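> Build the 3D model from these lines:
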Amino acid sequence: MDVIERPTCRVIQPGAVTYHGKQGHDYVAGISAESVGASGLCMIMLTIPPGGRAKAHLHESHETAIYVLAGEAETWFGERLEQCLAVKAGEMFYIPAGMPHLPVNRSGAPCTAVIARTDPNEQESVRLLPELEHFVP
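Okay, the predicted model is just below:
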């Protein structure tokens, strides 16, 4: 008879595990399918250095919520990355599933954020969009 392990409460220490994402940044691993067996969400931390930018991408079928802890960044979004919103410390930002986007930190200070996504496997739904890179100055 197989023993099925039930999920339980866990504490994760941010900074214990980092990884380089397809989007081009280094992430602090947090809550995910890999770390705690999450089945419906992922929560990680990201610091975008001054002048840093991600690769154009989208998350297929998964929503994203971001809370900026420190600094500020702008995110270009839309089918041709034609729209832009700036988000600063203390603000939250929502990205719908399947929305092409590209975050940029044009400030002189790091931008640190907590990111939550409805994809428990953080990198699984990432689809790079290199054809959009040239739309963001």
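
> how distant is the one helix or strand M43 maps to from the center of its chain?
Element membership for M43 (DSSP states H and E) is strand 42-48. Strand 42-48 sits 6 Å away from the centroid of its parent chain (C-alpha atoms, centre = their mean, to the nearest Å).

> For it, name the packing helices and strands.
Strand 42-48 is packed against strand 26-31, strand 111-117, with contacts defined by 3 or more C-beta pairs under 8 Å, 6 or more residues apart in numbering; DSSP states H and E. Just so you know, the C-beta spots here come from the backbone N, C-alpha and C atoms, and that holds for glycine as well.

> quick one: pLDDT of S32?
pLDDT, S32: 89.

> Quick check: beta-bridge partners of the spatially closest residue to it that is not a sequence neighbour?
What sits nearest to S32 in space, not counting adjacent residues and going by C-beta to C-beta, 6 or more residues apart in numbering, is C42, at 4.5 Å. Counting by DSSP bridges, C42 forms beta bridges with R117.

> just to revisit the earlier point, just name the most buried of the helices and strands packed on strand 42-48.
strand 111-117 (a mean of 20; mean count of other C-beta atoms under 10 Å).

> just the helices in the protein please.
Listed in chain order, the helices of the chain (DSSP state H) span residues 33-36.

> residue nearest the centroid of it?
In the chain, the residue lying closest to the centroid (C-alpha atoms, centre = their mean) is I115, at 5.1 Å.
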